[in-house]
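Peer 1: need a 3D model of the following:
(2 chains)
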Amino acid sequence: MVNNITNFSRSGLSDWVLQRVSAVILAVYSVFMVGYLLLHPNLDYTTWSGLFENTAMRVFSLMAFIAIAAHAWIGLWTVATDYMKPTALRLGFQIFVILALFIFLVWGVQVLWGA
Amino acid sequence: MLQVSIYRYNPETDSAPYMQEFQVDTQGRDLMVLNVMEMLKEQDSSLAYRRSCREGVCGSDGMNMNGKNGLTCVTALSEVVKDNKLVLRPLPGLPVVRDLVVDMSLFYKQYERIQPYLLNDTPAPAIERLQSPEDRDKLDGLYECILCACCSTACPSFWWNPDKFVGPSGLLQAYRFLADSRDTATEERLSELDDPFSVFRCRGIMNCVAVCPKGLNPTRAIGKIRELLLANAT
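Peer 2: So this is what the prediction gives:
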């Protein structure tokens, strides 16, 4: 057993399942967004903010934000452990990624429920 | 004349590795790469490489031929030579001992880690532990591995983390014992593999499948290990 403390879930299996589930969520969200934008070629502010007034859309968006945070954490952690050999560089990058994802996630929540 | 370019490195005399050029007269025959190496050895007796059975069973002459890993003894020139040129390098990713001879310690360490022997805590029967023909069939495509290391040294995940990722060869063997009806240590074996590196560093690019000289499929075995882990943990 190889131990690690900076990966997402401490378990390779759990990370692997999360990576796949979050990928499906992101794929569905992307398809929905592209479809919505294609169906509304002359999109104005009222329609756009109306879409995000809907609780279902807010839940769906937050789910996508959490999915992208988990997906990016797992993926970039893997990239870091593959290619960054000096510990200070690797750990620094991992902490930077985790903090950035946290900030984006909180910011995303504020955008969704703020306005 | 076949142009052969060979990786040379003798740590006792060379400050850095270099490529040495040779000309070999194959007289138009489609020789095995190993035959060509034997002809080179006659030209330069200091050339070092491993070989033994010369029929693809011992697995000692794995190396990189024109960019692709394989066993020199069962690889014909016609399969690898392009533009009349043959480039021979040691298996990638492992430390070079000399010329085409690599240090396989890390590869064997990963093999040892998966406990490549039957573990059974039930009392030994008076005769052999029997197995149904169906259970025996599950080992086909797994037991044939000759540990030549062609697959693991073609795997980028093994290049970057050879101390943590078991590698395709070791994982094929890990599944060989997980799939064996006579082995009772499935849970313990799986618990040793459920970290982010040992199994899950495999990204399924299938280099291992592309190079295996025995035609085995480590990627499929790794998929089966994932299924077992998933079934055990959900």
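
Peer 1: please count neighbours and contacts with C-alpha atoms only from this point.
Peer 2: OK.

Peer 1: and residue B:64, which of the three is it?
Peer 2: strand (DSSP: H, G, I helix; E, B strand; the rest coil).

Peer 1: helix or strand with the lowest mean pLDDT in chain A?
Peer 2: Sorting the helices and strands of chain A by mean pLDDT, DSSP states H and E puts helix A:45-53 at the bottom, at a mean of 93.

Peer 1: helix, strand or coil for the residue nearest to the spatial centre of chain B?
Peer 2: Residue closest to the mean C-alpha point of chain B, counted by Cα atoms, centre = their mean, is residue B:149 at 2.0 Å. With three-state DSSP as the basis, residue B:149 sits in coil.

Peer 1: separation between it and chain A?
Peer 2: 20 Å (Cα to the nearest Cα, to the nearest Å).

Peer 1: thinking that residue is in contact with residue B:169, fair?
Peer 2: Yes: counting by Cα atoms under 8 Å, residue B:149 does reach residue B:169; the two are 6.9 Å apart.

Peer 1: up against chain B, what does chain A have?
Peer 2: A:1-4, A:7, A:10-13, A:15-16, A:82-83 (Cα under 8 Å from any Cα of the partner chain).

Peer 1: show me how to select, in PyMOL, the buried members of those residues.
Peer 2: In PyMOL, this line selects whichever of those come out buried by 16 or more other Cα atoms under 10 Å in any protein chain shown:
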select buried, chain A and resi 7+11+12+13+15+16+82
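
Peer 1: nearest to residue B:118, out of the residues of chain A next to chain B: which one, please.
Peer 2: Of all these, residue A:1 has the smallest distance to residue B:118: 19.4 Å, by Cα to Cα.

Peer 1: list the buried residues in the lengthiest helix in chain B.
Peer 2: In chain B, taking DSSP state H as the definition, the longest helix is helix B:218-233. When burial is assessed from 16+ other Cα under 10 Å, helix B:218-233 yields the following buried residues: B:218-226, B:228-229.

Peer 1: how distant is that helix from the center of its chain?
Peer 2: 21 Å (Cα atoms, centre = their mean, to the nearest Å).

Peer 1: quick one: neighbours of residue B:185, just the number.
Peer 2: Number of residues near residue B:185 (other Cα atoms under 10 Å in any protein chain shown) recorded here: 14.

Peer 1: OK, contacts around residue B:221?
Peer 2: Contacts for residue B:221 (Cα atoms under 8 Å, 6 or more residues apart in numbering or on different chains) come out as B:142, B:171-172, B:175.

Peer 1: contacts only, for whatever residue of chain A ends up closest to chain B.
Peer 2: Closest to chain B within chain A is residue A:12: 3.5 Å, counting by Cα to the nearest Cα. Counting by Cα under 8 Å, 6+ apart, residue A:12 makes contact with B:194-197, B:199-200.

Peer 1: what subset of those is also close to chain A?
Peer 2: Applying Cα under 8 Å from any Cα to the contacts of residue A:12, those adjacent to chain A are B:194-197, B:199-200.

Peer 1: so which strand or helix has the residue nearest the centre of chain A?
Peer 2: Nearest residue to the geometric centre of chain A (Cα atoms, centre = their mean): residue A:68, 1.5 Å. Using DSSP states H and E, the element containing residue A:68 is helix A:55-83.

Peer 1: what about the residues of chain A next to chain B, which are in helices?
Peer 2: Reading helices off the residues of chain A next to chain B with DSSP H, I get A:12-13, A:15-16, A:82-83.

Peer 1: just for the chain, where's the confidence low?
Peer 2: I'll assume chain A. Counting by pLDDT under 70, the low-confidence segments of chain A come to A:1, A:115.

Peer 1: let's see that with 90 instead.
Peer 2: Across chain A, residues meeting the criterion (pLDDT under 90) sit at A:1-11, A:114-115.

Peer 1: cool, and chain B?
Peer 2: Using pLDDT under 90, chain B drops low at B:233-234.

Peer 1: so can I have a markdown table of the ones in helices among the residues of chain A next to chain B showing distance to residue A:28?
Peer 2: Output for these, formatted as a markdown table (distance: Cα to Cα, whole Å):
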| residue | distance to residue A:28 |
| --- | --- |
| A:12 | 25 |
| A:13 | 23 |
| A:15 | 20 |
| A:16 | 19 |
| A:82 | 29 |
| A:83 | 31 |
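
Peer 1: pick out the most distant pair among the residues you listed.
Peer 2: A:13 and A:83 (21.6 Å).

Peer 1: leaving out sequence neighbours, find the closest residue to the residue in chain B that chain A sits nearest to.
Peer 2: At 3.5 Å from chain A, residue B:196 is the closest residue in chain B, using Cα to the nearest Cα. The shortest distance from residue B:196 to any residue other than its chain neighbours is 3.5 Å, reached at residue A:12 (Cα to Cα, 6 or more residues apart in numbering or on different chains).

Peer 1: near chain A, which residues of chain B?
Peer 2: Near chain A, when you scan chain B using Cα under 8 Å from any Cα, you find B:157, B:160-161, B:164, B:191-200, B:226, B:229-230.

Peer 1: buried subset of the residues you listed as a ChimeraX selection?
Peer 2: Selection of buried members from the residues of chain B next to chain A for ChimeraX, criterion 16+ other Cα under 10 Å:
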select /B:157,160,161,164,193,194,195,196,197,198,199,200,226,229
